[in-house]
Every structure is written in C-alpha cells, then in structure tokens.
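the sequence and its predicted three-dimensional model are supplied below.
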2 protein chains.
Amino acid sequence: MEIDSAASGAVLKRERVRDAILELVEARRPGDAIPSERVLCAELGVSRPTLRAAVDELVVAGLLVRQHGRGMFVAAEKITQELVSGRDSLTLPRAGGVWTSRVLEFRTLPAGARVGRRLRVPPAARIRCATRLRLVDGSPMAIEHLHVPADLVPGLTEEELEHGDLYEHFRDRHGVRVGEAVQSIEPTVLTRAEADLLDVPELSPALLFERLTGDTGGRPVEYVRSLYRGDRYRIVSRLALGPATARREPPEGHHPGIPPGDFASRGPVTFSTRGVVQGDG
Amino acid sequence: MEIDSAASGAVLKRERVRDAILELVEARRPGDAIPSERVLCAELGVSRPTLRAAVDELVVAGLLVRQHGRGMFVAAEKITQELVSGRDSLTLPRAGGVWTSRVLEFRTLPAGARVGRRLRVPPAARIRCATRLRLVDGSPMAIEHLHVPADLVPGLTEEELEHGDLYEHFRDRHGVRVGEAVQSIEPTVLTRAEADLLDVPELSPALLFERLTGDTGGRPVEYVRSLYRGDRYRIVSRLALGPATARREPPEGHHPGIPPGDFASRGPVTFSTRGVVQGDG
DNA sequence: GAGAGAAGGTGGCATAGACCAATGTGCGCG
DNA sequence: CGCGCACATTGGTCTATGCCACCTTCTCTC
C-alpha cells in the first residue's frame, strides 16, 4: 500500500500521525479548532481508530481537547509547562484564586478493613464519610474523601463542611487538638468518574494525596484521600542550598527529586514547599 | 444485536469486561497467568479491540502486566497502595536501597529557545546535556535530563556524572557555589520511550520534577527535568500541626494537599518533606 | 417572527478481520 | 545427544466499517 512508512524513522503509524497533528496544533492558537477526525483520516491516509489513538496521546498530554458533537480544539491553556513564568527565572508562579467547597456526599458508614486499619478502629466502627469537591474560582480542582470516626464529630453538619474549618470544629466542639499528620503524595491517573467530576479527560494525570492526622495523643482522628488535577495544580519548592552545614540526624529518605548523594555533605538547608494553582484556561 | 446493554447498569461494554477480568485477577495470585486475549474474547463475547481496551485500564491501574508472546499475568506486587505499613498508623514507610546512575547520553548542544530562556542564555549558547538513568537496587527509578551551560563545566566527564556529586564539581573545579533552587512537581504520564527506559507500561503515572538552580549571585547554573516512576516513588510529608501560632508572612500558595482555609489561623507550623522509595516487587 | 423539528456533521463506542513481532515448543537433522 | 529451524501461540498494530449520542444549523410550521 502506498509508500507507507520506512521514511519517517518512527515505525509506529500512530507516531507519524501524532507528529502530523502536532504541527497542526502548533500552527494554531489556543481555542482554535482543528479538522475533524474523518477529514484528518483522509488527509493522513489512516483509519479512524488509528487517528483516534494518536489524538488520544495529545489529549492526555493536554495539548488538545475534544468536545462531543463539536470538534477538536487546541487546548485553551498551556498545560504541563513552564516552571518559571517570565524573565526572572527564579520567580515563583503566581498563586490561584478563591477556594470553595461543595459537598457531594455525606454519610455515616462502617469503617471497613482499609479505613479501619488506618484509623485504628474496628472495621465495624461508624465513620463519617464526606466527599467534597474543591473548586478554585468556581472550576473543579480536587476531590477530597474525608473519613472521621463518627463519635469524634457527632454534630458535624454539611454546612460546616462547606464553609467551616474542620480542625476548628475538632477543637472547639470536641476538645480534640490535632497534633501530627503524615501525608503521602503520588501520581496517578483519573478514572472516568473522577475525570468527569474534575472536568478533565479520562486518564488525565493527577496527584493523589493521602493524609492521616492524629491528635496530640497520637490517636488517628482523620484520614483524607484527595485527588488533585494534574494540569492546574503543582507543588513548588524553594530550596536554599547555602554553604555546607553539619547535617543533623539524616531521616529516612531524601529531598524529593534530589537523589541521595547528589548533595553529598550539604543537603538542602532550608526549603519551603507550597501548592500552587496555575492560571485557569 | 442480542440483548445488548440496558441490563448491566454500566452502559460501557468495556466496563463490564473490565470487571469480569478483575474477578479473574482477584481469584489468582501475583504472577499467575490469565487466559489469552482471544480466549477471553470468546468467553466474554466481545471483540478483541474492546477486550484490549478493558485490559489497558487494568494495566494502567497496575493490576495486570502484559508480556509480548507470553501472555498476561497478575501484577507481581500491589502498586499504588498503602500509605502506612503496619499497625502503627503514623509510621513512615521504610526507605529504599542503593541509588546508582547510568549515563544514557552526554552531548553538547545549542540551548534552544526553551532551555535558553530558563538558563538566561542565548538560544545558540552551548549547553552540556546529559541524560541519566537513576536506579535503586539496580532497577530503574527515574530519568534525569540535565542542562548546564557548557562554559561552567568545561572538564565535566561522563565518569563524574556516574559517580560524582555535580554540586561538588561546581564548587571545587569552577568556584561556582549553588545558592537557591526552585523546583516544581507535577503528575504526568509516560510516553512509550520513557516507559521502556523505566521498565513500566506505557501511560503509567509519573512525577515530573523541574528544577532550576542558581548560584549565590542568582545566575541560573543548572536546569534539570526528571521523571520519577509513580509506582515506586512517593513524597511523604510529616506535619507538626501544633497549637495556634501567629502565622508569619503568608507566602503565595499553601501546603500541598491542604487547601487554604482548612487550617485557618494555624497553618502547619513545621513540616519535613521526604522522597521515599517503595519496597520493590 | 418565533419556536419546533429534521438534517447533517462531530466525536464515542464497538465489531470483524488481517498482518506483524516476540516467545516458546518440538521435531528433525547433523 | 545437541543444535537449529519451523511452527503454533500470544500480544501489538492497523484497517474498514457500522451505529449511537451529541451539537449545530437550517428549515418548516404555526
């Protein structure tokens, strides 16, 4: 069939198609439409599933957005790009807008095995479970699953979850003072349902936060599992490396992204880590 | 055609198939094989592309691994799970093993627009570019793309990149003292080539680190772009929340994963953030 | 003129089939 | 007995095609 591959170096037809579409994208401005799938199939000489597979990659990469019944468009905002904004390379990007909450679900359920193990309660213990959608300037940013032993917060209302500070509620109503929390962060991809809630394409990258909070006595009081959009949320650390200083007790691990040994005898002396929201689209 | 959907609740055939395969997975032990694609197609009454789409989801989720010419197998180790290891809920997971480096590429190239802008040099300036594979206990953990202005490190050798400390080299050979660095972290998914290097399936979640390091005078000296495997690398923060304290100047942003307002008047007082490696599979 | 409905275009899902590439097996030849 | 090559099996890719759901727009009707 035709001249076919063997010319482009890349063996996968998908890749040739992807690069071809990429040129179309780069020749346009954000929000512009690109030709329809069927037209592109004819122009590039591939079948529609193949073309869709190529487009899928660009959609996951955040360069293209699809709209059912309307067409495909160049992504509104640069996504996954630009550590620093402008001329001053060490400038932090600006922070985002107004955060609000919307309670999607609010129930009392048995802890179950997984949650029970984390909160150190029997699997049958009653747990207040809340699912909150976190928004910035009105557009979805994160999904938050909250798990709190029910006996700790007998009077917790949906209203308080929308507007109040949960930790304030802990202290003022129940005399529970939060002490320490351990939080882990890892990358993941969104399922269909999660992606719909966050208004991003399926399989989009996201950050999964898991946080276990204990009171001053070390008893777990809260287990939170949050999913943050990867295209608009990022974590920025500012590291002051400074001169060599006697490193105090080296804890387990190392500074994220800097493998042990790279800073041999003078690990980061101080650092601040912040979550920042990218300008919306 | 047949009775078709409308019966299973879930409308997508993919989902029904995925759940069916999931049952097969759960009935087996890690490493066990599941029936071949063509057999499953016949059993479940779907076409192969549909079945493959369902399997794709399970592969991305880390529950299934495919081996060309051999078959499909239940993933060796649970992936993306378990904040805390055992009984003591606030215990940090153990850290990983021995880190090593392997230089994949080492060239001198023009900076180009993107890198040049970050390092504040003309696009034509010569840049030493190195690609290193970072391994833990011999298995791949991260890909690191290093960019340093060539005139800063005239004598840098591949050997030093394998074993030395780059920042030590900066200081001892060239009198360049690193000062501050800004690093951003965001989730992403791996391309085919990246996934092959890290020995994980395509489209696996990963953490993208971008770090711009400046010397004590604020001049950028290093731009690093790293991709860390999402299934074995995570970031763990330990937060000491403590009693309310007068918050000093609130910087831009907030603590990652804790939206502003949640800690209203008593933001995290101290915290330590570490990168940790998950036990291998 | 305005609203309702039909028509056409778009992306979303699924099918059936073909060929390629990598792996493992077993038979046959030396 | 041992080395190789052919073959069957498995996953990987691509084609061609159909139907459905959604959106826009044009047109017809009231």
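Perfect, thanks for sending it.

mind listing what residue A:121 touches?
A:111, A:127, A:149 (Cβ atoms under 8 Å, 6 or more residues apart in numbering or on different chains). The C-beta positions use only the backbone N, C-alpha and C, and glycine is treated the same way.

isn't the second one up against residue A:153?
No - with contact defined as Cβ atoms under 8 Å, residue A:127 and residue A:153 do not form a contacting pair (10.3 Å).

who's more crowded, these two?
residue A:127 (23 against 19; other Cβ atoms under 10 Å in any protein chain shown).

the residue in the stretch 51-200 of chain A that chain B sits nearest to: which element?
Residue of the stretch 51-200 of chain A nearest chain B, by Cβ to the nearest Cβ: residue A:187 (3.7 Å). Using DSSP states H and E, residue A:187 sits in strand A:178-189.

what's the helix or strand just after that strand packed up against?
Once the chain leaves strand A:178-189, the next helix or strand it forms, by DSSP H and E, is helix A:192-198. If you count contacts as 3 or more Cβ pairs under 8 Å, 6 or more residues apart in numbering or on different chains; DSSP states H and E, helix A:192-198 packs onto strand A:139-149, strand A:220-229.

elements contacting the last one?
Put plainly, it is strand A:220-229. helix A:112-119, strand A:139-149, strand A:178-189, helix A:192-198, strand A:205-215.

show me the one of the ones you listed that comes nearest residue A:238.
strand A:178-189 (17.3 Å; Cβ to Cβ).

the closest one vs strand A:205-215, what angle?
Strand A:178-189 runs at 160 degrees relative to strand A:205-215, counting by axes from the mean of the first three to the mean of the last three Cα atoms, to 10 degrees.

okay, now the sheet partners of strand A:178-189, with direction.
Strand pairing for strand A:178-189, determined by DSSP bridges: strand A:205-215 (antiparallel), strand B:233-240 (antiparallel).

give me whichever of the helices and strands packed on helix A:192-198 is most buried.
Neighbour counts (mean count of other Cβ atoms under 10 Å in any protein chain shown) averaged over each of those peak at strand A:220-229, with a mean of 24.

surely residue A:55 meets residue A:72?
Yes - counting by Cβ under 8 Å, residue A:72 is a contact partner of residue A:55 at 6.8 Å.

overlap of the contact sets of these two?
Common contacts of residue A:55 and residue A:72 (Cβ under 8 Å, 6+ apart): A:37, A:64, A:66.

so how many other residues sit close to the residue lying closest to the last one once chain neighbours are set aside?
In space, and not counting its chain neighbours, residue A:66 is closest to residue A:72: 5.3 Å by Cβ to Cβ, 6 or more residues apart in numbering or on different chains. Summarising burial for residue A:72: neighbours were counted as other Cβ under 10 Å, giving 20.

roughly how far does residue A:72 sit from residue B:108?
39 Å (Cβ to Cβ, to the nearest Å).

any idea how chain A splits into domains?
Residue ranges for the domains of chain A, per automatic domain parsing: A:5-74, A:99-232.

so which of these is the most packed in?
Ranked by mean neighbour count under mean count of other Cβ under 10 Å, these are led by domain A:99-232, which reaches a mean of 18.

touching, residue A:53 and residue A:14? I think so.
Yes - using Cβ under 8 Å, residue A:53 is in contact with residue A:14, at 5.2 Å.

any chance of the domains of chain A in TSV, with distance to residue B:205 too?
Converted to TSV, these look like this (distance: least, Cβ to Cβ, whole Å):
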stretch	distance to residue B:205
domain A:5-74	11
domain A:99-232	4
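
so which of the ones you listed comes closest to residue B:33?
Minimum separation from residue B:33 across these (Cβ to Cβ) falls at domain A:99-232, 25.2 Å.

start to end distance for that closest one?
For domain A:99-232, the first and last residues are 14 Å from each other (Cα to Cα, to the nearest Å).

is it up against DNA strand D anywhere?
No - applying Cβ under 7 Å from any atom of the strand, one finds domain A:99-232 separated from DNA strand D by no less than 12.3 Å.

tell me which residues are up against the helix or strand harbouring residue A:15.
Secondary structure assignment for residue A:15, by DSSP H and E: helix A:13-26. The contact list for helix A:13-26 (Cβ under 8 Å, 6+ apart) reads A:5, A:8, A:10, A:34-35, A:40, A:44, A:46, A:50-51, A:53-55, A:57-58, A:63-64, A:74.

near chain B too, which of the residues you listed?
residue A:57 (Cβ under 8 Å from any Cβ of the partner chain).

the contacts of helix A:13-26 in strands, which ones?
By the criterion of DSSP state E, membership of the contacts of helix A:13-26 in strands covers A:34, A:64, A:74.

and which of those is nearest to residue B:234?
residue A:64 (29.8 Å).

dump the residue contacts of the residue lying closest to the closest one once chain neighbours are set aside.
Sequence neighbours aside, residue A:58 is the residue nearest to residue A:64 in space, at 4.3 Å (criterion: Cβ to Cβ, 6+ apart). Taking Cβ under 8 Å, 6+ apart, we find residue A:58 in contact with A:18, A:21-22, A:25, A:64.

swap in residue A:47?
residue A:41.

quick one: it and DNA strand C, what's the gap?
Residue A:47 sits 8 Å away from DNA strand C, going by Cβ to the nearest atom of the strand, to the nearest Å.

how about the closest residue to residue A:177 other than its chain neighbours, phi and psi?
Spatially, and ignoring its direct neighbours in sequence, residue A:177 is nearest to residue A:216 (5.0 Å; Cβ to Cβ, 6+ apart). With angles defined as degrees, to the nearest 10, residue A:216 sits at phi -60, psi -20.

thinking residue A:216 is in contact with residue A:179, fair?
Yes - assessed by Cβ under 8 Å, residue A:216 is found in contact with residue A:179 at 4.1 Å.

tell me who's in contact with residue A:141.
Applying Cβ under 8 Å, 6+ apart, we find residue A:141 in contact with A:99, A:134-135, A:198, A:228-229, A:232-233, A:277.

how much space separates residue A:200 from residue B:14?
Separation of residue A:200 from residue B:14 (Cβ to Cβ) stands at 19 Å.

does stretch A:203-216 reach DNA strand C?
No - in terms of Cβ under 7 Å from any atom of the strand, no part of stretch A:203-216 sits within range of DNA strand C; the closest distance is 10.9 Å.

got the CA positions of that stretch in CSV?
The C-alpha trace of stretch A:203-216 is given here as CSV (Å, rounded to 0.1, in the frame of the first residue of the first chain):
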residue,chain,number,x,y,z
LEU,A,203,-6.8,9.1,32.2
SER,A,204,-5.5,12.5,32.9
PRO,A,205,-2.6,12.7,35.3
ALA,A,206,-3.4,13.7,38.9
LEU,A,207,-1.8,13.9,42.3
LEU,A,208,-3.1,11.5,44.9
PHE,A,209,-2.7,12.8,48.5
GLU,A,210,-3.3,10.5,51.4
ARG,A,211,-3.2,12.2,54.8
LEU,A,212,-3.5,10.6,58.2
THR,A,213,-4.0,13.1,61.0
GLY,A,214,-3.5,12.3,64.7
ASP,A,215,-4.4,14.2,67.8
THR,A,216,-1.8,15.3,70.4
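
for that stretch, the distance to its chain's centre please.
10 Å (Cα atoms, centre = their mean, to the nearest Å).

what is the rounded mean pLDDT of that stretch?
The pLDDT scores in stretch A:203-216 average 87.

just stretch A:155-166 next, same as before
79.

only C-alpha atoms, please: export that stretch in CSV.
Output in CSV follows, covering the C-alpha atoms of stretch A:155-166 (Å, rounded to 0.1, in the frame of the first residue of the first chain):
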residue,chain,number,x,y,z
GLY,A,155,-22.7,17.2,65.5
LEU,A,156,-20.9,17.8,62.2
THR,A,157,-23.2,19.2,59.6
GLU,A,158,-22.9,19.5,55.9
GLU,A,159,-22.9,23.3,56.3
GLU,A,160,-19.8,23.2,58.3
LEU,A,161,-18.1,21.1,55.7
GLU,A,162,-18.9,23.6,53.1
HIS,A,163,-17.6,26.7,54.9
GLY,A,164,-16.1,25.8,58.2
ASP,A,165,-12.7,24.7,59.2
LEU,A,166,-12.8,21.1,60.3
